[in-house]
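> Fold the following.
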Amino acid sequence: MPRMNAFDQLLTGQSPEFCALIRSAQVVAATNVTALLLGESGTGKELFATAIHQESRRDHGPFVAINCAALPEGLAESELFGHRKGAFTGAVREHPGRIRSAHGGTLFLDEIGELPLAVQAKLLRFLESSELQSVGDTEVERVDVRVIAATHHDLHQRVKQGLFRADLYYRLNVVPLELPSLRSRSGDIRLLLDTLTARIATQHGLQIPHYRPRALKALEQYRWPGNIRELRNFAERMVVLFPGGEIDFENLPHEIRIPQIDEPTLFTLPDGGIRLEDLEQQMIRQALYKTRGNRSHAARLLGLTRDTLLYRLKKYAID
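Residues are numbered from 1 along each chain as shown. Model (predicted):
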């Protein structure tokens, strides 16, 4: 009987997007390369990182996970790199830091986009040299750690905003793996629900509830903004409230039963179509009218730079 690998044990899904991601993650696991996991909150980034670690040559070593968003800014450097006793007020004992704790294994940096800029520079140096220096120490030490980072942010955009170092972004973005949202994996919802329900029922020592067809249809149509984390919480609620019973549409939470209404759009395309240039000219004229001809203000209303607006005024011969 073939060995069940960590990806099969920890992750569930059969959609094409998910299967392609698993194949890429398996290739990454066989190397020592830095990986960057991208995707919305709740898509299972830590589970993916755990599976990559367990299928790597480092599986005998520790897997150390840290949420960068939960690190107090003043203590982030100490938490990651450690500190000497007396290095600062409150440092009453020596602290090795999370990176040293992951020696020989994998360090998972969740929500890397929230790491303070000052600590980002030190992390970059570690990634490039495998060397670290504790706060208050003069000696440099080499540590053997594989780094997997994760974020729900658009790091490229944060670089533009000055919130994330460009050099660290390029160093982390060697192999990006983007986890799909649950709403894009609608074919996996029933499989995930069955798997999660069975696991949770076993954990609580309860019988597995069963879902009626109308309830399943509503669950498959729901958008799951919290992704797999929200689905797991829902499954646990149903196991606890309806052990061994049948769950129908009326038993579902209100937010799942109400029709899912998409956010209103700013413009609806007419059935007969439009000329895009005509629409653009109308929007420019409306912006100029609302701002009483103030071109800088009009450009802001349109989401354009002033130079771009001036170019389009000239293009359409608008006074």
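> Could you use CA atoms for every contact and neighbour count after this?
OK.
> all strands of the stretch 101-250 of the chain, in order?
All strands of the stretch 101-250 of the chain, identified by DSSP state E, counting those that start in this stretch, fall at 106-110, 131-132, 141-142, 146-151, 175-178, 210-211, 246-247.
> Quick one: name whatever helix or strand follows the last one.
Read in the C-terminal direction, the helix or strand following strand 246-247 is helix 254-257, with elements assigned using DSSP states H and E.
> Just say which of the strands of the stretch 101-250 of the chain is most tucked in.
Ranked by mean neighbour count, the strands of the stretch 101-250 of the chain are led by strand 106-110 with a mean of 25 (mean count of other CA atoms under 10 Å).
> Contacts for that one next, please.
The contact list for strand 106-110, computed with CA atoms under 8 Å, 6 or more residues apart in numbering, reads 46, 49, 53, 58, 61-69, 98-99, 145-151.
> Including mean pLDDT and distance to Gly293, could the strands of the stretch 101-250 of the chain go into TSV?
Listed next are the strands of the stretch 101-250 of the chain as TSV, based on pLDDT from 0 to 100; distance: least, CA to CA, whole Å:
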stretch	mean pLDDT	distance to Gly293
strand 106-110	96	48
strand 131-132	86	58
strand 141-142	88	63
strand 146-151	96	43
strand 175-178	92	45
strand 210-211	96	61
strand 246-247	96	61
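> I'd like these written out as JSON lines, with distance to Phe81 added.
Formatted as JSON lines, the strands of the stretch 101-250 of the chain follow (distance: least, CA to CA, whole Å):
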{"stretch": "strand 106-110", "distance to Phe81": "12"}
{"stretch": "strand 131-132", "distance to Phe81": "7"}
{"stretch": "strand 141-142", "distance to Phe81": "10"}
{"stretch": "strand 146-151", "distance to Phe81": "14"}
{"stretch": "strand 175-178", "distance to Phe81": "24"}
{"stretch": "strand 210-211", "distance to Phe81": "49"}
{"stretch": "strand 246-247", "distance to Phe81": "50"}
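> Which of the ones you listed sits closest to Arg23?
Among the strands of the stretch 101-250 of the chain, the nearest to Arg23 by CA to CA is strand 175-178 (10.7 Å).
> contacts for that closest one?
Contact partners of strand 175-178, identified using CA under 8 Å, 6+ apart, comprise Leu21, Ser24, Ala25, Val28, Val33, Thr34, Ala35, Leu36, Leu37, Leu38, Gly39.
> per-residue pLDDT, the fifth one?
Looking at Val33, its pLDDT reads 94.
> so what's it up against?
Contacts of Val33 by CA under 8 Å, 6+ apart are Arg146, Val174, Val175.
> and Arg165, which of the strands of the stretch 101-250 of the chain is closest to it?
Comparison of those against Arg165 by CA to CA identifies strand 146-151 as nearest, at 14.5 Å.
> Just checking: what are the partner strands of that closest one?
With DSSP bridges as the test, strand 146-151 is paired with strand 35-38 (parallel), strand 106-110 (parallel).
> Take those and write them to a markdown table, including distance to Leu216.
As requested, the strands paired with strand 146-151 are exported to a markdown table (distance: least, CA to CA, whole Å):
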| stretch | distance to Leu216 |
| --- | --- |
| strand 35-38 | 29 |
| strand 106-110 | 33 |
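> Identify whichever of those lies nearest to Glu94.
Evaluated over these, closeness to Glu94 peaks at strand 106-110, with 20.4 Å, by CA to CA.
> next one: the closest one to chain centre, how far?
Mean-position distance between strand 106-110 and its chain equals 13 Å (CA atoms, centre = their mean, to the nearest Å).
> again, but for stretch 210-222
Relative to where its chain is centred, stretch 210-222 has its mean C-alpha point 27 Å off (CA atoms, centre = their mean).
> and Ala317, how far is that from Val135?
63 Å (CA to CA, to the nearest Å).
> Likewise for Leu117?
Distance, Leu117 to Val135, by CA to CA: 16 Å.
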